[in-house]
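Enquirer: Got a predicted model here, sequence first, then my questions.
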Amino acid sequence: MRLFEVIATIVATASTANARYIMYLTGQHNLVPEPSLVKDITHVAIAFMQSSTFNRERPTSWPFFTSVEDVRSRFAPGTAIMVAIGGWGDTAGFAEAARSDHNRKLFAQNVKAMVDATGADGVDIDWEYPGGNGEDYKTIPNSQKAWEIEAYPSLLSEIRLALGPNKLISAAVPGLLRDMLAFTPKTIPLISSSVDFLSIMTYDLMNRRDNVTNHHTGLSLSRESINAYLEAGLEPEKASLGFAFYVKWYKTDPDADCGSHQPTCKTVLMEDPETGADLGQAGAFSWHDEVPSELKESFGKALDDSVYDKLGGGNYFWDEKENIFWSWDTPEAISRKFPALVEEKNLGGVFAWGLGEDAPKWEHLKATTTGYQVWKKGRTSNTPTDSLRDWIGKDEL
């Protein structure tokens, strides 16, 4: 075998071996399907352990809804089991940790103690978000959190120093450009040097802070998210694309002419302009949740009559009678993202929030797994795009 063929084989093998398939396993939906449906999953992030747990001096317990040992027994041998720390609204522990060298070291040493005690393979840092725009953005202005932008990479660096090179560190990071305050060309190289990969939350890209409807996990907006990180210096191999196993809805303005310019339409006011509190005009539920009674009829129509927007790359339905805009990914919409984003951008992996959220039919999990399998196989061939196009059977991605 000639030298360049040997090199090509080594590169292809390494690329395939590093193809990540990550699932969040959440306390709200702690469900795992039969082994055949999870055998391809490479990483599981158990969500969440509270960030404030790691601010204490010498903690002796690690409160959690499950155990690493139990979760490990439910997946294939060799699956990396990670503990996700934080989550939406849980920022105080991170802010305290990042504030000083002493606090960062304390937090990092406690993370190591937890990993050692639980047998976890690593941690996922889910700080939403360093620099501001989190749940409390109306009550604590971003100007008071600007210092976190430089402190965030330092905290990750301290965690890496404590855990060493053989444990995994990932971070869940914002998908909306307006929330990427701490993810810049200056900070991304520093962040990347401490983590094994970033899970880019390419969902909730339309939320109650907006006043015009859009796809909450659309292909076009997801591409904008991925491009922002890559252009800021993130290595494609360290980027993971996110999928949402849940549905979102928003109330539209009854006086707006929504029928003439879908999928964008003016919404009603969805959050309190002073406090940021939810006004009950938008929401979400997973495939495992019971559909709220007041939404059942509308959602039934959405399931029957939704359309795929080829421009924005998202599945949607507007209920003219109820003035409700629905947004979610069908299995077909999921399949399109592999050639159009994962393969096109040479990304290192995919993930979903969350595994149990797709029970009991597991249709979105199956679509994601099939996409992953075809993409992973294509990484060793010279024509991955052709194999992915053949699989989804579509010319338009």
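Expert: Okay, I see it. Numbers count the residues shown, from 1 in each chain.
Enquirer: Neighbours of Glu34, how many?
Expert: With neighbours defined by other C-beta atoms under 10 Å, the count for Glu34 comes to 8. Where C-beta positions appear, they are placed from N, C-alpha and C, glycine not excepted.
Enquirer: mind checking pLDDT for it?
Expert: With respect to pLDDT, Glu34 has a value of 99.
Enquirer: what's the answer for Arg389, then?
Expert: For Arg389, the model assigns a pLDDT of 56.
Enquirer: contacting residues around the nearest residue to Pro185 once chain neighbours are set aside?
Expert: Closest residue in space to Pro185, ignoring its immediate chain neighbours: Ala232 at 4.8 Å, by C-beta to C-beta, 6 or more residues apart in numbering. By C-beta atoms under 8 Å, 6 or more residues apart in numbering, the contact set of Ala232 is 183-185, 188.
Enquirer: so of those, which ones are in helices?
Expert: Ile188 (DSSP state H).
Enquirer: which pair in the contacts of Ala232 spans the largest distance?
Expert: Greatest spacing in the contacts of Ala232, by C-beta to C-beta: Phe183 and Pro185 (9.3 Å).
Enquirer: Neighbour count for these two, which is higher?
Expert: With neighbours defined as other C-beta under 10 Å, Phe183 and Pro185 compare such that Phe183 has more, 26 against 10.
Enquirer: Who are the contact partners of that one?
Expert: Per C-beta under 8 Å, 6+ apart, neighbours of Phe183: 173-174, 191, 228-229, 232.
Enquirer: Next, work out how far apart it and Ala172 are.
Expert: Counting by C-beta to C-beta, to the nearest Å, the separation of Phe183 from Ala172 is 12 Å.
Enquirer: ok, the closest residue to Pro153 other than its chain neighbours - contacts?
Expert: Ranked by C-beta to C-beta, 6+ apart and with sequence neighbours excluded, the top spatial neighbour of Pro153 is Leu190, at 3.7 Å. Contact partners of Leu190, counting by C-beta under 8 Å, 6+ apart, are 153, 156-157.
Enquirer: thinking again about what came up before, most neighbours among the contacts of Phe183, which one?
Expert: Among the contacts of Phe183, the one with the most neighbours (other C-beta under 10 Å) is Val173, at 28 neighbours.
Enquirer: Isn't that one up against Leu198?
Expert: Yes: if you go by C-beta atoms under 8 Å, Val173 and Leu198 touch, sitting 5.1 Å apart.
Enquirer: Overlap in contacts, the two.
Expert: Listed as contacting both Val173 and Leu198 by C-beta under 8 Å, 6+ apart are Tyr229.
Enquirer: So, low pLDDT: which residues of the chain?
Expert: In the predicted model of the chain, residues 1-17, 381-397 satisfy pLDDT under 70.
Enquirer: Where do the strands of the stretch 151-300 of the chain begin and end?
Expert: Counting by DSSP state E, counting those that start in this stretch, one finds strands in the stretch 151-300 of the chain at the ranges 168-174, 197-201, 239-244, 246-251, 282-286.
Enquirer: Give me the distance from the last one to the chain's centre.
Expert: This means strand 282-286. 16 Å (C-alpha atoms, centre = their mean, to the nearest Å).
Enquirer: Would you mind putting the CA coordinates of it into PDB?
Expert: What follows is strand 282-286 as a C-alpha-only set of coordinates in PDB (Å, rounded to 0.1, in the frame of the first residue of the first chain):
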ATOM      1  CA  ALA A 282     -45.800  30.500  24.300                       C
ATOM      2  CA  GLY A 283     -44.700  27.100  25.500                       C
ATOM      3  CA  ALA A 284     -43.200  23.700  24.700                       C
ATOM      4  CA  PHE A 285     -43.800  20.000  25.300                       C
ATOM      5  CA  SER A 286     -42.000  16.800  24.400                       C
END
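Enquirer: got the angle for it vs strand 239-244?
Expert: With axes from the mean of the first three to the mean of the last three C-alpha atoms, to 10 degrees applied, the angle from strand 282-286 to strand 239-244 works out at 100 degrees.
Enquirer: for this structure, longest helix please?
Expert: In the chain, assigned by DSSP H, the helix with the most residues is helix 101-118.
Enquirer: buried set for it?
Expert: Within helix 101-118, the residues that count as buried by 16 or more other C-beta atoms under 10 Å are 103-104, 106-115, 118.
Enquirer: Max pairwise distance over those: which two?
Expert: Spanning the widest gap among the buried residues of helix 101-118 are Asn103 and Thr118, at 22.3 Å by C-beta to C-beta.
Enquirer: Can you select the buried ones from the contacts of Leu190 in PyMOL?
Expert: To isolate the buried members of the contacts of Leu190 in PyMOL, using 16+ other C-beta under 10 Å:
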select buried, resi 153+156+157
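Enquirer: Surely Thr66 is in contact with Phe48?
Expert: No: with contact defined as C-beta under 8 Å, Thr66 does not reach Phe48; the gap is 11.3 Å.
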